[in-house]
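# generate a structure from the sequence data that follows.
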Amino acid sequence: MVNLDEELKFITDGMLGKLTRWLRILGYDVEYRPDEADDKLIELAKKTGRTLLTSDLQLYRKATKMGVNTFLVDGKSDVENLAKTSKRFNLNIRTEEIEETRCPVCNFKLRLALPSEVEGKIPTTTLKTYKEFWICTNPKCQKIYWQGSHWKKIEEILKEVKKLTE
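This next block holds a predicted model:
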């Protein structure tokens, strides 16, 4: 498995927004460039050492010819895309509690937050129901997360991805 401390980093094009969010949830550093031109994506990947993930065959071929580490994500579903990417890069698909999660919105790391820190920023019932909260470390984002009812769906999807990679 890839050690997140080694910071395998990706850059994704506009067609892989959902994959971007899943990889961030799993703790991987993913720069999402939905409106970037192909040549600029290639330049950014080269300059930053990020692996370019794309479902655009033309962009994949061009980037490969230019020596950019790239991967063609050609699954038929979001689950298949995550499974193929996971298999190709030996990513850690964790179905247990995720400690290295990044903000799915902005890519900054999350940190554990005290209930007192999120009070008044989330619904009162949520504050009473859940004990653990995470907050985005990006001062411009600061989105708050908790393992709500959607968590079971996340675990189900990750289990499905794991099955496809075995």
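# let me know whether residue 21 touches residue 104 as I believe.
Yes: using Cβ atoms under 8 Å, residue 21 is in contact with residue 104, at 4.1 Å. Backbone N, C-alpha and C define where each C-beta goes, glycine included.
# buried residues in the strand or helix carrying residue 86?
Per DSSP states H and E: residue 86 is located in helix 78-89. The neighbour-count check on helix 78-89 (16 or more other Cβ atoms under 10 Å) flags 78, 79, 81, 82, 83, 84, 85, 86, 89 as buried.
# now pLDDT and distance to residue 61 too, for the residues you listed, in CSV please.
Shown next, in CSV, are the buried residues of helix 78-89 (pLDDT from 0 to 100; distance: Cβ to Cβ, whole Å):
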residue, pLDDT, distance to residue 61
78, 95, 24
79, 96, 26
81, 97, 19
82, 97, 23
83, 97, 23
84, 97, 18
85, 97, 18
86, 96, 23
89, 96, 20
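# between these, which is closest to residue 131?
Closest approach between the buried residues of helix 78-89 and residue 131, by Cβ to Cβ: residue 82, at 28.8 Å.
# residues contacting the closest one?
19, 22, 23, 75, 93, 157, 161 (Cβ atoms under 8 Å, 6 or more residues apart in numbering).
# what helices or strands is the longest helix along the chain leaning on?
In the chain, assigned by DSSP state H, the helix with the most residues is helix 150-165. Counting contacts by 3 or more Cβ pairs under 8 Å, 6 or more residues apart in numbering; DSSP states H and E, helix 150-165 packs against helix 78-89.
# after the helix it packs on, next one along is what?
strand 110-113.
# chain center to the helix or strand following that next one: distance?
On the C-terminal side of strand 110-113, the closest following helix or strand by DSSP H and E is helix 115-118. Taking Cα atoms, centre = their mean, to the nearest Å, one finds the center of helix 115-118 at 25 Å from the center of the full chain.
# report the buried residues of helix 115-118.
residue 118.
# swap in stretch 99-114?
Within stretch 99-114, judged by 16+ other Cβ under 10 Å, the buried ones are 101, 102, 103, 104, 107, 108, 110, 113.
# now for those residues: which two are most distant?
Longest span within the buried residues of stretch 99-114, Cβ to Cβ: 107 and 113, 18.2 Å.
# can you show me the CA trace of the worst-scoring helix or strand of the chain on mean pLDDT as CSV?
When the helices and strands of the chain are compared on mean pLDDT, DSSP states H and E, helix 150-165 comes out lowest with a mean of 91. Only the C-alpha atoms of helix 150-165 are listed here, as CSV (Å, rounded to 0.1, in the frame of the first residue of the first chain):
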residue,chain,number,x,y,z
HIS,A,150,-24.2,9.0,4.7
TRP,A,151,-21.3,7.2,6.4
LYS,A,152,-22.8,3.7,5.8
LYS,A,153,-23.1,4.5,2.0
ILE,A,154,-19.5,5.6,2.0
GLU,A,155,-18.4,2.3,3.6
GLU,A,156,-20.6,0.3,1.2
ILE,A,157,-19.0,2.0,-1.8
LEU,A,158,-15.5,1.5,-0.4
LYS,A,159,-16.2,-2.2,0.2
GLU,A,160,-17.4,-2.6,-3.4
VAL,A,161,-14.2,-0.9,-4.6
LYS,A,162,-12.1,-3.2,-2.4
LYS,A,163,-13.9,-6.3,-4.0
LEU,A,164,-13.1,-5.0,-7.5
THR,A,165,-9.4,-4.6,-6.6
